[in-house]
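S.K.: got a predicted model here, sequence first, then my questions.
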Amino acid sequence: MAKGVWIVAEQRYGAFRKISFELTSTARKLADQLGEEVGAILLGSGVEGLAGELGKYGVDKVYVADNALLEPYTTDAHAAAVARLVKENNPSILLFGASAQGKDLSARLVGKLMTGMATDCVDVKIVDGKLISLRPMYAGKCYGEILTSSFPQMASLRPNVFPAIENSKTPEIIKFDPGLDPGQLKTKVLEVQKDTAGKVDLTEANIIVSGGRGMKGPENYVILEELANILGATVGASRAAVDAGWRPQKDQVGQTGKIVSPNLYIACGISGAIQHLAGMGTSKYIVAINKDPDAPIFARADYGIVDDLFKVVPELTKEVKKLLA
Ligand SMILES: Cc1cc2nc3c(=O)[nH]c(=O)nc-3n(C[C@H](O)[C@H](O)[C@H](O)COP(=O)(O)OP(=O)(O)OC[C@H]3O[C@@H](n4cnc5c(N)ncnc54)[C@H](O)[C@@H]3O)c2cc1C
């Protein structure tokens, strides 16, 4: 019988990504309801020393594969390692981050494990011993409750939505052989280009200051960067700004960009098209600055400022500076 709530942890350059702790804490909650254990899968090279850290968030067992073929991440190596371990241990639930890596890996595993999956979930619960996942549908217009009847029941969780709750445990660390044959791996990473800006990734950012077509040109983003710097925020953009070549594609928020869920999202000169809202609608607080009082973004904003952003943003920066001084 399938038993155990498992997560696939994400690490990059030898440090856990925040989503790993969000997954772990969520798994702990589900496992307590089911009376089962929490297992975490940790893959990479030179990562064994990291495993204990997952105990801080309630993991009972960490399954570690420390192997040069697992670094850097490739879909085929990671999917083969996870599939082998899952088939041997038969967990009832398997959770991933709805991050770039989690989406990529889980999609391959759904095929390998012949099971079902709910993607980009914003809530999960146990009903009658089964996992029910809540996910936004139709670009956030409604929510669907998903029940997968096959095992393991898989779901990916939207980053920044689930709390990471400390829960000190000393996990059992179990090393496993990923069973990789280099001759069978089809992907080879030739080069990894690190983002040199050193900013927190949009999907993990606590605060995002985002600009749209209302910014009028790439040179004007400097006012958003000034505000972002003092708030410790990351700068995002609408698709209109990205399509115009004002900002790189990695900055795009929305249905065809990144799905973000910061504590604070400040939208400057963004109208609030449904495809943009699909990417940031679950932000905890939304502030909109727009000179058009009828802009749809105001219907979703917690605070709205109807004015010229070129006047408001520098004024806001000045006031925040004063407050923080
Ligand atoms: C399949 C599909 C996928 C898409 N995916 C995405 C996506 O992932 N992300 C995304 O963002 N969009 C996406 N879009 C595009 C989306 O429909 C909108 O076209 C886009 O979001 C509009 O961007 P915007 O709000 O910056 O521009 P606009 O809609 O042109 O809005 C600009 C706003 O700036 C305001 N403004 C202008 N000047 C000032 C000023 N001086 N001060 C204050 N306010 C000012 C205006 O009042 C206006 O509301 C997608 C569309 C399709 C069809």
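M.R.: On my side now, so go ahead.
S.K.: what separates the closest residue in space to Ala237 that isn't next to it in sequence from the ligand, distance-wise?
M.R.: In space, and not counting its chain neighbours, Ala237 is closest to Arg247: 3.9 Å by CB to CB, 6 or more residues apart in numbering. (Glycine included, C-beta is placed from N, CA and C.) When CB to the nearest ligand atom, to the nearest Å is applied, the distance between Arg247 and the ligand equals 10 Å.
S.K.: and Arg247, what is it in contact with?
M.R.: Gly211, Pro218, Tyr221, Val235, Ala237, Ala241 (CB atoms under 8 Å, 6 or more residues apart in numbering).
S.K.: SS state for the closest residue to Gly254 other than its chain neighbours?
M.R.: Distances taken as CB to CB, 6+ apart place Gly279 nearest to Gly254, at 3.7 Å, with adjacent residues excluded. Under DSSP: H, G, I helix; E, B strand; the rest coil, the three-state class of Gly279 is helix.
S.K.: so Gly279 touches Ser261, yeah?
M.R.: No. Between Gly279 and Ser261 there is no contact, the gap being 9.4 Å when judged by CB atoms under 8 Å.
S.K.: of those two, who's got more company?
M.R.: For Gly279 against Ser261, the residue with the higher neighbour count under other CB atoms under 10 Å is Gly279, and the figures read 26 against 22.
S.K.: who are the contact partners of that one?
M.R.: Gly279 makes contact with Val253, Gly254, Gln255, Gly257, Lys258, Ile259, Val260, according to CB under 8 Å, 6+ apart.
S.K.: turn these into CSV, including pLDDT, distance to Pro91 and neighbour count.
M.R.: Compiled in CSV, the contacts of Gly279 are given as follows (pLDDT from 0 to 100; distance: CB to CB, whole Å; neighbours: other CB atoms under 10 Å):
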residue, pLDDT, distance to Pro91, neighbour count
Val253, 98, 33, 31
Gly254, 96, 34, 25
Gln255, 93, 32, 16
Gly257, 95, 32, 22
Lys258, 94, 29, 21
Ile259, 93, 26, 25
Val260, 95, 29, 25
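S.K.: just the CA trace of the helix or strand harbouring Glu88, in PDB.
M.R.: Secondary structure here is read from DSSP states H and E; on that basis Glu88 sits in helix 75-89. Included here for helix 75-89 are C-alpha records, laid out as PDB according to Å, rounded to 0.1, in the frame of the first residue of the first chain:
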ATOM      1  CA  THR A  75      15.600  16.300 -16.800                       C
ATOM      2  CA  ASP A  76      16.600  12.800 -17.800                       C
ATOM      3  CA  ALA A  77      19.100  12.200 -14.900                       C
ATOM      4  CA  HIS A  78      16.800  13.600 -12.200                       C
ATOM      5  CA  ALA A  79      13.700  11.900 -13.500                       C
ATOM      6  CA  ALA A  80      15.400   8.600 -13.700                       C
ATOM      7  CA  ALA A  81      16.700   8.900 -10.100                       C
ATOM      8  CA  VAL A  82      13.400  10.000  -8.700                       C
ATOM      9  CA  ALA A  83      11.400   7.400 -10.600                       C
ATOM     10  CA  ARG A  84      13.600   4.500  -9.400                       C
ATOM     11  CA  LEU A  85      13.400   5.600  -5.800                       C
ATOM     12  CA  VAL A  86       9.600   6.200  -5.900                       C
ATOM     13  CA  LYS A  87       8.900   2.800  -7.500                       C
ATOM     14  CA  GLU A  88      11.000   1.100  -4.800                       C
ATOM     15  CA  ASN A  89       9.300   3.000  -1.900                       C
END
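S.K.: all set now, cheers.
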